[in-house]
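**Q** Generate coordinates for the sequence data below:
(one chain, ligands or ions: 1)
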Amino acid sequence: KEKVEITKEQQALMKIITDAYNRHQIPQDVAKKLLQDQYSAEENFLLLTEMATSQVQVLVEFTKNIPGFLSLDREDQIALLKGSAVEAMFLRSAQVFSRKMPSGHTEVLEERIRKSGISEEFITPMFNFYKSIGELHMVQEEQALLTTVTILTPDRPYVKDQQAVERLQETMLDVLRKLCVLQHPQEPQYFARLLGRLTELRTLSHYHTEMLVSWRMNDHKFTPLLCEIWDV
Ligand SMILES: Cc1cccc(C)c1Nc1c(-c2c(F)cccc2F)nc2cccc(C)n12
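**A** Now for the predicted structure:
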């Protein structure tokens, strides 16, 4: 049985990424608002829009801390961010849901999402995903690395130098693979299960695009940042 060990460099890489992932949290004021205002659908949608906007800001800040990301071609950096934003945000909100938030907040956030004018056909797969992520009980290093692997997906639209992205992603995948073996020795398939979630994320991002269109149709307002990242 081959001995799996994380090298010094990989340890340092993991620390940089995990610290960055934990450092960039949703601002407390947005989370606090969650519990305050009343429950109208408009009010809920406005709050979720504010949350989504701060999630994009947090994502951009986190991405800048991924070793090697800023050395990529500038336009490719933008293409990777635009192409992965939804998936990274679903991962982050799934993790916020399944662990980070004080228990009371989770129910309130779930309530607001269910009462924000989003149709049931998107709500169900979204919460199924949140549950399936929760069941994995990822440690924070795994969460940070899985998000990094998602951002460094080479075949996003308009990426020119896919090889450069692929090399970075492979570096992260190698650390994540070893971490899974060391963190879940009794579950040899754990790493494969994690990557399986990335497939589920692609489906969710299609739902998300449809959600955006239907919100648009109902004349919902977005912030400039959300319009820019999703070309709405
Ligand atoms: C913040 C939030 C949390 C859980 C569910 C939802 C619907 C939201 N809100 C939005 C999301 C979004 C996200 F931020 C993370 C995960 C999945 C998402 F649908 N995307 C967008 C895009 C335009 C407007 C909003 C309100 N919005």
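**Q** How about the strand or helix carrying C227, which residues are buried there?
**A** Using DSSP states H and E, the element containing C227 is helix 224-230. Neighbour counts over helix 224-230 (16 or more other CB atoms under 10 Å) mark 226, 229-230 as buried. Every C-beta, even on glycine, is put in place using the N, C-alpha and C of the backbone.
**Q** ok, now stretch 51-66?
**A** Residues of stretch 51-66 classed as buried: 51-56, 58-59, 62-63, 65-66 (neighbour count, 16+ other CB under 10 Å).
**Q** One more: stretch 39-50?
**A** Within stretch 39-50, the residues that qualify as buried are 44-50, counting by 16+ other CB under 10 Å.
**Q** what does stretch 66-75 give?
**A** 66-67, 69, 72.
**Q** Which single one of those residues is nearest to S116?
**A** Nearest to S116 among those is I66, at 31.4 Å by CB to CB.
**Q** rewinding a little: who's in contact with the helix holding C227?
**A** 49, 52-53, 56-57, 81-82, 85-86, 209, 212, 232 (CB atoms under 8 Å, 6 or more residues apart in numbering).
**Q** which residue packs closest to E141, ignoring adjacent ones?
**A** The shortest distance from E141 to any non-neighbouring residue, by CB to CB, 6 or more residues apart in numbering, is to T18 (4.9 Å).
**Q** so which helix or strand takes in the one you found?
**A** Taking DSSP H and E as the definition, T18 sits inside helix 8-23.
**Q** what does V181 give?
**A** Assessed by DSSP H and E, V181 sits inside helix 162-183.
**Q** Counting neighbours, which bits of the top helix by length along the chain end up buried?
**A** Using DSSP state H, we find that the single longest helix of the chain is helix 190-217. By 16+ other CB under 10 Å, the buried positions in helix 190-217 come out as 190-191, 194, 197, 200-201, 204-205, 207-208, 211-212, 215.
**Q** How about stretch 111-128?
**A** 112-113, 116, 118, 122-123, 126.
**Q** can you tell if that stretch touches the ligand?
**A** Yes: applying CB under 6 Å from any ligand atom, one finds stretch 111-128 in contact with the ligand at 113, 118.
**Q** re earlier: out of the buried residues of stretch 39-50, which touch the ligand?
**A** 45, 48-49.
**Q** Run through this structure and note the low-pLDDT ranges.
**A** 1, 37, 99-103 (pLDDT under 70).
**Q** Pull up the residues of it that are close to the ligand.
**A** Residues of the chain lying near the ligand (CB under 6 Å from any ligand atom): 45, 48-49, 51-52, 55, 89-90, 93, 113, 118, 208, 211-212, 222, 226.
**Q** From the ligand, how far out is A20?
**A** A20 sits 19 Å away from the ligand, going by CB to the nearest ligand atom, to the nearest Å.
**Q** How many residues are close by that residue?
**A** A20: 18 surrounding residues under other CB atoms under 10 Å.
**Q** circling back to that earlier point, contacting residues for the residue nearest to E141?
**A** Counting by CB under 8 Å, 6+ apart, T18 makes contact with 140-141, 144-145.
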